[in-house]
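Chemist: let's see this in three dimensions:
(one chain, ligands or ions: 1)
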Amino acid sequence: MKGLYARIAIACIGIASGVLIISAVTFIIGTHYHLTMYQQQAQDMNITSPAFDTHLEQALVQSVFWTAILGIVLAIVISLFVAKRITSPLIEMKAVAERMAKGELTSRTEVTGRDEIADLGNSLNYLAEQLMLQEQLRKTMTADVAHELRTPIATLKSHMAAMIEGVWDPTPRRLESCYEEIERLRFLVGDLEQLTEVESPNFKLKLKEENIGAVVQHHIEAIQAAYERKGVRLSFRNEANIQASIDKLRFGQIIANLLSNALKFTPQGEKVAVEIKEQSETFSISVSDSGIGIDEKELPFIFERFYRADKSRDRKSGGSGIGLTIVKKLVEAHGGAIDIQSRVGEGTTFEFRLPKTR
Ligand code: ADP
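Modeler: Model (predicted):
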């Protein structure tokens, strides 16, 4: 039985019992007093008259009446006291909620005890913290997006202005450079759309039993031509025949993202290896490249949105720094976890592990 429930039950039982006990005691004392008086006077005066009996009856009715009044007054006083004790924290919480609705997210309610009202107070404080966090995220996100948009827009503007004013001839090379900036913006918008989707509270996977090897193979074949064009060797090793419950489309996004990153950051002549391994209740997929690697200091931030290990290098390579954030969210949505190991100049391995059944 939780605190508040018990307190209200005990208070009701206490009020009812208290009123009954006091009423009974008062009534017994009153009756006893009047009866003793009656007997004494009847003895002294040696009389038994109906008028005298009526007088006793009136006295008894009066004592019942005053007992009832006393009981009611007592019940009102105790009930008001209990009601105040229960409602005052609720009134304070209402005031805090109203202040929060007006944007004062630092408002907190004071929590005492460990009953349901204390739980409600804790939930309200937790809600305020979450709202503050979301507000902070919204501000950071807006600032990050603005920052990402600023460079391509500024480049486009200066190129266009130079061509319009006749300072620059619109050569194919210059038009191509403008086109690249527009492409960068298009990718950024696409990545942002995907990120918003996977971060939405309504985001749900469409899980179905699939052959993992076949899905990975499909994505390897899709990107193979790009690898060949750059001269990077791509190998695939799958010794397990795993059937698992995944969202094929989202799972494909994870593989495609890791494969395209590996290609982007691996120089010509180097190699990328994909491997599927089976554990008793999970399976893991690793994508290892012998590319440029990531500095140890950068590794803790690599899954953060808009994070690029080497800002100038990756802006040129066209990445928005959102890909790995989406990858991590999708792995976690599948009930798994992703790990990274990297050494500058030696290469990088991304490995994610998912449960076979969900
Ligand atoms: P982007 O779109 O910039 O590739 P990601 O979120 O996919 O964004 O990656 C974030 C950053 O992590 C990249 O900009 C790059 O610096 C680093 N990175 C990701 N994968 C690799 C890799 N295989 N090798 C080296 N660096 C990588």
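Chemist: please count neighbours and contacts with C-alpha atoms only from this point.
Modeler: Will do.
Chemist: count the neighbours of the residue in the stretch 1-150 of the chain positioned nearest to the ligand for me.
Modeler: Proximity of the stretch 1-150 of the chain to the ligand (Cα to the nearest ligand atom) peaks at E148, 11.5 Å away. E148 sits with 18 neighbouring residues when counted by other Cα atoms under 10 Å.
Chemist: quick check, it in a strand?
Modeler: No. Secondary structure of E148 (DSSP: H, G, I helix; E, B strand; the rest coil): helix, not part of a strand.
Chemist: residue contacts, it?
Modeler: S320 (Cα atoms under 8 Å, 6 or more residues apart in numbering).
Chemist: once you drop chain neighbours, what's closest to whichever residue of the stretch 151-300 of the chain sits closest to the ligand?
Modeler: Closest to the ligand within the stretch 151-300 of the chain is A262: 3.9 Å, counting by Cα to the nearest ligand atom. Nearest non-adjacent residue to A262, counting by Cα to Cα, 6 or more residues apart in numbering: D289, 6.0 Å away.
Chemist: from V25, how far off is the residue nearest to S23 when sequence neighbours are not counted?
Modeler: Counting by Cα to Cα, 6+ apart, the nearest residue to S23 once its immediate chain neighbours are dropped is T67, at 5.3 Å. Applying Cα to Cα, to the nearest Å, the value for T67 to V25 is 9 Å.
Chemist: residue boundaries of the strands in the stretch 201-350 of the chain?
Modeler: Secondary structure of the stretch 201-350 of the chain (DSSP state E, counting those that start in this stretch): strands located at 208-211, 233-238, 243-246, 271-278, 282-289, 337-343, 347-355.
Chemist: what is the longest helix seen in the chain packed up against?
Modeler: Taking DSSP state H as the criterion, the chain has its longest helix at helix 50-101. Helix 50-101 makes packing contacts with helix 3-45, helix 116-164 when contacts are defined by 3 or more Cα pairs under 8 Å, 6 or more residues apart in numbering; DSSP states H and E.
Chemist: and it, average pLDDT?
Modeler: For helix 50-101, mean pLDDT is 85.
Chemist: report the distance from that helix to the chain centre.
Modeler: 46 Å (Cα atoms, centre = their mean, to the nearest Å).
Chemist: then stretch 141-153?
Modeler: 26 Å.
Chemist: tell me the buried residues in that stretch?
Modeler: Of all the residues in stretch 141-153, those buried under the rule 16 or more other Cα atoms under 10 Å are V145, E148, P152.
Chemist: excluding covalently adjacent residues, which one is nearest to R353?
Modeler: S284 (4.1 Å).
Chemist: hey, what's the one you found bridged with?
Modeler: K277, R353 (DSSP bridges).
Chemist: all numbers from here: first residue = 45
Modeler: Yep, numbering from 45; the last one is S328 now.
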